[in-house]
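J.: Here's my sequence, what's the structure:
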Amino acid sequence: MTACIIQSTRLLCKRLASPAPGVVLVQKGQKIILDRVADMKACAGDLVLIPEGATSDIINEPDGSDGYQALALQFAPNLIADFAVGDARPVQEVKVLTGMPPAFEEAYGKAIEAIRSGPLLPDSIAASRVNEILLWLGALGHRFAPITNPGPIERLRRIINSDPAYPWRAPELAKTIGMSEASLRRKLAAAETSFSELLADIRMTTALTLLQTTEKSVTQIALDVGYDSASRFTARFRTRFDFAPSEIRGHQREVDRNGAKTDRNSAALIAAE
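T.: Numbering: from 1, shown residues only. Just a heads-up that it's a prediction; the model follows:
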């Protein structure tokens, strides 16, 4: 998946969990990652590496009237699993690579356009351009390591992320991942969460991304993440993030250029066979 993230207001987004390994190239403003040890800052031209499951507090800092803008690219887990890059170090936490070379930015732009091109470009070509970004990371000494034996909560997240609007229920998901419902609830309790909290968190995080990257109305986004009532969705969103959905948007988008394009979720981001 690729998306252009645009934001005109400085907002703190807490506990954002990445559903897949990915990278974010900052184009305007700054991305601030709050860390217990030392905060990180990515400025225009810097690249943020985000492994699957990484949870961070993020501030997208607008640059005056120009706002904040970044291009995000997420990789399908099987693409990562099938890709090896020498002795590069696995990315196990959020990292910032500063001052990416122009040649990388050119390759990044081509990968983004390949995903957005839909049927105009063969899947194998799109996949090779996405692979080039992984090669670049390897040349810089970094690689994404797949979660080879995901635990029940990681598996649960992957399933729910595949269709946040679906009316998921704990009993059916427990059965899907080969556990009893009681065992699943104990696992969630040990992680200081519950099934309903995990489901709501994934839905709200997905909604935040849609607010940042598309022109969809709040009502449509509510439906996309499983809420029939926009007001109930807004209340839940405010509870999760401490600000309303309307506070994300204070800008005009160029939809064709900046809208999130996910047409190749199961094509360009999957290694060519």
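J.: thinking Asp167 is in contact with Gly226, fair?
T.: For the record, residue 167 is Pro, not Asp. Yes: using C-beta atoms under 8 Å, Pro167 makes contact with Gly226 at a distance of 6.8 Å. C-betas here are computed from N, CA, C, even on glycine.
J.: quick one: the longest helix along the chain to chain centroid distance?
T.: In the chain, taking DSSP state H as the definition, the longest helix is helix 195-213. The chain centroid and the centroid of helix 195-213 are separated by 11 Å under C-alpha atoms, centre = their mean, to the nearest Å.
J.: cool, stretch 46-56 as well?
T.: 9 Å.
J.: what comes into contact with it?
T.: Contact with stretch 46-56 is made by 15-26, 31, 33-35, 42, 77, 91-100, 104, 137, 142, 144-147, 154, 157, as judged by C-beta atoms under 8 Å, 6 or more residues apart in numbering.
J.: pLDDT on it, on average?
T.: Averaging pLDDT along stretch 46-56 gives 92.
J.: Low-confidence ranges, the stretch 51-200 of the chain, go.
T.: Within the stretch 51-200 of the chain, the stretches with pLDDT under 70 are 82-86.
J.: Mind doing that once more with 90?
T.: Scanning the stretch 51-200 of the chain for pLDDT under 90 picks out the ranges 52-54, 64-67, 75-90, 92, 99, 115-128, 145-151, 154, 158.
J.: Show me where the stretch 51-200 of the chain has its helices.
T.: Using DSSP state H, counting those that start in this stretch, the helices of the stretch 51-200 of the chain run over 77-81, 102-116, 123-139, 152-162, 170-176, 181-190, 195-213.
J.: can those helices go into a markdown table with extra columns for distance to Ser65?
T.: Formatted as a markdown table, those follow (distance: least, C-beta to C-beta, whole Å):
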| stretch | distance to Ser65 |
| --- | --- |
| helix 77-81 | 38 |
| helix 102-116 | 23 |
| helix 123-139 | 31 |
| helix 152-162 | 35 |
| helix 170-176 | 46 |
| helix 181-190 | 44 |
| helix 195-213 | 18 |
